[in-house]
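> sequence and computational prediction follow.
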Amino acid sequence: MQLLGYLSKIWDLHWKQYPDQDLPIIVPILLYHGNRNWDKGNKFSNILEEPAKGFEKFIPDYNYLLYDFSGLTDSEIKGNIKLRIYSYLTSQIFIEDFHKVLSIVIPLLIELEKQKTAMDYIVTVLTYIMSVYQEVSTFEELKQEVAKVSNEGREMVMTIAEQLLEEGKEEGRIENMQEMIGFALELKFGYRSKKLSNEIRKINSYEKLKDMKGVIKTADSLDEFKEKTNL
């Protein structure tokens, strides 16, 4: 249903911008990283009840390319560095072994750091790790944990922290936590969570934001997250 909404929005925008043109063909892609294997096939109609005879032609159906990361082992996650990091993080979102995640991701980030244009991506990945795992919520805590895995990784985190935050400023800590929460919500619940960004930015209590961060991991839906955090 989320894919169907995206298709509709893209076509609606295209029609408004180019009213005299036919709508373009879109190839939907579903990236799935749930805690069990995908079992709904690769067609929208697979989630609908069996239609009565003669009503099939009224179903708005489409196929999509399915990438199911939920059952992949570490050795099966391949590709370029960014894809390997993304695939690993999404496939491990329900794994509690924080240090295992660091031991896989940090060496890849160190390799990626050599590419000067990759810094924003590295920041995004580290921010995501801090938003999902309860062991860390600041760059200082992350630096200490990364040091257990790699001294080179510790230096990388220190460099990034110095670039992003002024040590000891509460405003920086709050802004960083707001960004973490927004990123984690979008990754777990999709684009619909962006509507909460403005509400999250209004919260100036670091402790409250930290509690909200913990809810992301346990909430099964965006509505459940909103209910538990009173948003």
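Sure thing, it's come through. Note that this is a predicted model, so its numbers are computed, not measured. Numbering: from 1, shown residues only.
> which other helices and strands contact whatever helix or strand residue 108 lives in?
Element membership of residue 108, judged by DSSP states H and E, is helix 98-113. Helices and strands touching helix 98-113, as assessed by 3 or more CB pairs under 8 Å, 6 or more residues apart in numbering; DSSP states H and E, comprise helix 81-91, helix 119-132, helix 139-147, helix 151-164. Heads up, the C-betas are built off the backbone N, CA and C, glycines and all.
> what angle separates the third one from helix 98-113?
Following axes from the mean of the first three to the mean of the last three CA atoms, to 10 degrees, one obtains 90 degrees for the angle between helix 139-147 and helix 98-113.
> low pLDDT regions in the chain?
Scanning the chain with the threshold set as pLDDT under 70 gives 33-35, 69-84, 86-96, 111-121, 123-124, 127-128, 130-135, 137-139, 160-173, 191.
> what's the single longest helix in it?
Longest helix in the chain by number of residues, with DSSP state H as the criterion: helix 170-189.
> can you give the domain ranges for this structure?
According to automatic domain parsing, the chain comprises the domains 2-68, 74-217.
> gap between the strand or helix carrying residue 200 and the chain center?
Element membership for residue 200 (DSSP H and E) is helix 197-201. Its chain's C-alpha centre and that of helix 197-201 lie 17 Å apart, by CA atoms, centre = their mean, to the nearest Å.
> next one: stretch 19-33
Relative to its parent chain, stretch 19-33 has a centroid offset of 21 Å by CA atoms, centre = their mean.
> what does stretch 203-215 give?
18 Å.
> next, the buried residues of that stretch.
With burial defined by 16 or more other CB atoms under 10 Å, the residues of stretch 203-215 counted as buried are 203, 206, 209, 210, 212, 213.
> which ones among those lie within helices?
Using DSSP H, the buried residues of stretch 203-215 in helices are 206, 209, 210, 212, 213.
> hmm, back to that, in terms of secondary structure, what does the helix holding residue 200 contact?
Applying 3+ CB pairs under 8 Å, 6+ apart, one finds that helix 197-201 makes contact with helix 170-189.
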